[in-house]
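Enquirer: sequence and predicted model, in that order:
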Amino acid sequence: MLIVAASDLGDSGIYVVFVLFAWAVVVMLSAGGVLCGAQLLCRKASRAKKVAGGALLLVSCIVPIFCYYAPPYVVRLKYGSYPLGSQPRHRIKEGMSNCEVMTILGQPQQHFKEASDRETWVYWIDSYGAHKFAVDFGPDERVTNTYGN
C-alpha cells in the first residue's frame, strides 16, 4: 500500500488504488473471456457453442474499451458537463463574474452555497473526481479564490 501513503497523492491516493484494482479485475476477466471464447471457436463443436464462443470473444473485447471510454460520458450525463481534463488555473482570474467562469469552464460538477452568500463551484479534472479544481465566489458573485489538487 505504498502508493496510498505517498505524500504527493494526497486524498486521491485511495481513488488511484481503487481504479488500478478495478482495471486489473477487468483485464483479467477479459483475458479469460478471450481465451475461453477462442477455445470454443477453435474446437470442433456444435454451431451453438461456436456462436457462444464468438459472442464471448466479442464481449470480452468490448468491455475494456467501454470501461476506458465511458466514464467521461457518464459524468456528462449525470452533471451536465465533461471533466476538464487539466487544471485551468491561468484561465480563471480573481474578479471574474460567475457568468464568465461558466462560459469558460461550463457547468460545475458540484456547487456549494454558504450562509454568508459565498459560493464554491467544484470542477472535476478527471472522470473519477480524484482531481478537482474549485472556484470561490464572494457575495458580489465575483471570483475571490481558485484552488485544486
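Expert: Looks like it arrived, so ask away.
Enquirer: other SSEs contacting the longest helix belonging to the chain?
Expert: Across the chain, the longest stretch assigned as helix under DSSP state H is helix 47-79. Using 3 or more CB pairs under 8 Å, 6 or more residues apart in numbering; DSSP states H and E, the elements in contact with helix 47-79 are helix 13-42. Bear in mind the C-beta positions are built from the backbone N, C-alpha and C, glycine included.
Enquirer: starting at the chain centroid, how far to the helix it packs on?
Expert: Distance, stretch centre to chain centre, for helix 13-42: 19 Å (CA atoms, centre = their mean, to the nearest Å).
Enquirer: domain ranges for the protein?
Expert: Under automatic domain parsing, the residue ranges defining each domain of the chain are 2-79, 98-148.
Enquirer: most packed of these?
Expert: domain 98-148 (a mean of 16; mean count of other CB atoms under 10 Å).
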